[in-house]
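J.: 3D model of this:
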Amino acid sequence: MNRDANISVVSDSQSLVALIPNNEAAGVTKADNGQLSISIADPGVNVNSIYQFGYLTETYPKVTPDWSTLETTSNPVGASTDDFESPFLISNQTDSTMSITFTLDLTSNSSDAGHTRFLFEIHDSSEKLSGVRYPDQTAAPSLELDPGDALGVSFVVNSYSGDVGDFFTASLTVEPGAVS
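T.: Modelled structure (predicted):
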């Protein structure tokens, strides 16, 4: 009896669900271990300011003052992983639909964002799919991501009502799983 086996090994250099940084977005880096980070610690955030990282699909009038306008586009993800307007993409590199769960976790008990507000928008190539707002919401939205597709994540920091000395450290966890 003759038994043959062919086993394909997938290169995991960017993982099966990849986090792809936009090198043109300020503060976005990817470490050698694959961890993506966005740091605005140096020089920090000025009070009475609004910072936008990546294009959004909506203007969010409740997040910003009346005089402020956020930059929007109808397609923040772009046509490929080389052409996108978000700080980072989550790309499904498998041949199966994945469930992607987003959770905003405070990573320091000493964090006190004061009156500073944060908004993360999760979008595909045509629309906003979900959002996470702090402090109003740290819920964990789950979205389905088809094979070869990508989700973009852009965010806004509104420190217009913030105070000098406000300090906030958190992580946005992106957890892939099988669709049930």
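
J.: and the worst-scoring helix or strand of the chain on mean pLDDT, how far out from the chain middle?
T.: Here the helix or strand of the chain ranked lowest by mean pLDDT, DSSP states H and E is strand 128-134, holding a mean of 73. Taking C-alpha atoms, centre = their mean, to the nearest Å, one finds the center of strand 128-134 at 10 Å from the center of the full chain.

J.: for whichever helix or strand comes after that strand, which positions count as buried?
T.: Following strand 128-134 in sequence order, the next helix or strand is strand 142-145 (DSSP states H and E). For strand 142-145, a neighbour-count test (16 or more other C-beta atoms under 10 Å) marks L145 as buried. All C-beta spots, glycine's among them, are computed from the backbone N, C-alpha and C.

J.: which elements pack onto strand 142-145?
T.: Strand 142-145 is packed against strand 98-106, with contacts defined by 3 or more C-beta pairs under 8 Å, 6 or more residues apart in numbering; DSSP states H and E.

J.: now the following helix or strand past the strand it packs on - C-alpha only, CSV.
T.: Later in the chain than strand 98-106, the nearest helix or strand by DSSP H and E is strand 117-123. C-alpha atoms of strand 117-123 as CSV (Å, rounded to 0.1, in the frame of the first residue of the first chain):
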residue,chain,number,x,y,z
ARG,A,117,-13.2,61.7,23.8
PHE,A,118,-12.1,59.0,21.4
LEU,A,119,-13.9,57.6,18.4
PHE,A,120,-12.7,54.6,16.3
GLU,A,121,-14.5,54.0,13.0
ILE,A,122,-14.3,50.6,11.4
HIS,A,123,-15.2,50.7,7.7
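
J.: got the contact list for strand 117-123?
T.: For strand 117-123, contacts defined as C-beta atoms under 8 Å, 6 or more residues apart in numbering pick out 56-58, 60, 63, 76-77, 86, 102, 104, 128-135, 141, 143, 151-158, 161, 168, 170, 172.

J.: quick check: mean pLDDT across it?
T.: Taken as a whole, strand 117-123 carries a mean pLDDT of 84.

J.: mind listing what that strand pairs with, with the direction of each?
T.: Strand 117-123 sits in its sheet next to strand 128-134 (antiparallel), strand 150-158 (antiparallel), going by DSSP bridges.

J.: for those strands, which one sits closest to P21?
T.: strand 150-158 (10.8 Å; C-beta to C-beta).

J.: pick the most buried one from the strands paired with strand 117-123.
T.: Among the strands paired with strand 117-123, strand 150-158 has the highest mean neighbour count (mean count of other C-beta atoms under 10 Å), at a mean of 24.
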